[in-house]
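In: Starting from these lines, generate the structure:
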Amino acid sequence: MSDTLVIIPTLNEIENIKEIILAVFKNQKKFHILVVDDMSKDGTPEAVEALMQEYPERLFLEKRQGKKGLGSAYIHGFKWALKRDYEYIVEMDADFSHNPKDVIKLYNACKKEGAKLAVGSRYVDNNVNVVNWNIKRLLLSYFASKYVQFITGIPLYDTTAGFVCYHRDVLQTINLDKIQFVGYAFQIEMKFKTWKHKFPIKEVSIVFTDRTKGTSKMSGSIVTEAIFGVIKLRFKGIS
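Out: A predicted model of the protein is given here:
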């Protein structure tokens, strides 16, 4: 039994899913992986099921009906992990934008350095560590984090980061059934509530590399949710 579960949400990630799973398993530490799939039609769940034959005690799959959103997928994974006594729970994208070798950095920040939330940050100390983004997207992401800092007061450089590790104490404390948002605002909301509950947070410098295979799930509605969602967070408090 591993003490750490890596949650990978998928929607049509057949071009990446096998490779990302195997890359995580190459780490010296034996992480477990839970893939949460939202009705992929390209064979993604079938590819995971095939790999499960090779890694029956390390790889797991939850198939959901309908496209319910990133935040909902992670909450599904959080509850699954808490029922099985994992101590550390990692969020990770399937598209290699997050380097599988960096999972151990996030784990160590929690396990060895005492953080209850470790954030894989693209912007530690205002340095920008992003590969393959055009300048428009880079500026949007960077200044979105600055905007969130300004509105909420949260002392993080990369408030929208999706590569993070939670200690189970955080996920047991936050009321997961009251999380409001599903896109980038979900990432902001979780960090905001972790901070408001006074859990120690550590940012870990990583290099973010934009996907080279598959299709981005970014949409205008997700960006709009993030822009206006932080104002709601600022004034509604925590739960």
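In: Does K63 belong to a helix, a strand or coil?
Out: strand (DSSP: H, G, I helix; E, B strand; the rest coil).
In: To clarify, my last question referred to I33.
Out: Look at I33: counting by three-state DSSP, its state is strand.
In: measure it to F60 for me?
Out: 7 Å (C-beta to C-beta, to the nearest Å). For the C-beta atoms, the positions are set from N, CA and C on the backbone; glycine is no exception.
In: more crowded one of the two?
Out: Between I33 and F60, I33 has the larger neighbour count (other C-beta atoms under 10 Å), namely 24 against 20.
In: now the nearest residue to Q180 once chain neighbours are set aside: how far from L22?
Out: Distances taken as C-beta to C-beta, 6 or more residues apart in numbering put E189 closest to Q180, at 6.5 Å, once the chain neighbours are dropped. Distance, E189 to L22, by C-beta to C-beta: 32 Å.
In: Please report the distance of the residue nearest to K111 when sequence neighbours are not counted from L106.
Out: Once flanking residues are discounted, K111 sits nearest to Y88: 6.8 Å by C-beta to C-beta, 6+ apart. Applying C-beta to C-beta, the value for Y88 to L106 is 8 Å.
In: list residues touching both of these two?
Out: Common contact partners of Y88 and L106 (C-beta atoms under 8 Å, 6 or more residues apart in numbering): C165.
In: more neighbours, these two?
Out: Neighbour count, other C-beta under 10 Å: between Y88 and L106, L106 has more, with 28 against 22.
In: Send me the helix or strand encompassing the more buried one as PDB with only the CA atoms.
Out: Using DSSP states H and E, L106 sits in helix 103-111. Extracted C-alpha coordinates of helix 103-111, given in PDB (Å, rounded to 0.1, in the frame of the first residue of the first chain):
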ATOM      1  CA  VAL A 103       5.600  14.500  -8.300                       C
ATOM      2  CA  ILE A 104       8.300  13.500  -5.800                       C
ATOM      3  CA  LYS A 105       9.100  17.200  -5.200                       C
ATOM      4  CA  LEU A 106       5.500  17.900  -4.200                       C
ATOM      5  CA  TYR A 107       5.400  14.800  -2.000                       C
ATOM      6  CA  ASN A 108       8.600  15.700  -0.300                       C
ATOM      7  CA  ALA A 109       7.400  19.300   0.400                       C
ATOM      8  CA  CYS A 110       4.500  17.700   2.400                       C
ATOM      9  CA  LYS A 111       6.200  14.600   3.800                       C
END
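In: returning to what we had before: beta partners for the residue nearest to K111?
Out: T4, H167 (DSSP bridges).
In: Please name the residues that touch it.
Out: So Y88 contacts 3-5, 107, 110-111, 165-168 (C-beta under 8 Å, 6+ apart).
In: And for V24, the neighbour number?
Out: V24 has 23 nearby residues by other C-beta under 10 Å.
In: I'd like the mean pLDDT over the helix holding L106, please.
Out: Average pLDDT, helix 103-111: 98.
In: Now the helix or strand following it - C-alpha only, CSV.
Out: Downstream of helix 103-111, the first helix or strand assigned by DSSP H and E is strand 117-121. In CSV, the C-alpha atoms belonging to strand 117-121 read as follows (Å, rounded to 0.1, in the frame of the first residue of the first chain):
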residue,chain,number,x,y,z
LEU,A,117,-0.5,21.8,0.6
ALA,A,118,2.4,21.8,-1.9
VAL,A,119,1.8,23.8,-5.1
GLY,A,120,3.8,23.1,-8.2
SER,A,121,4.4,26.8,-9.1
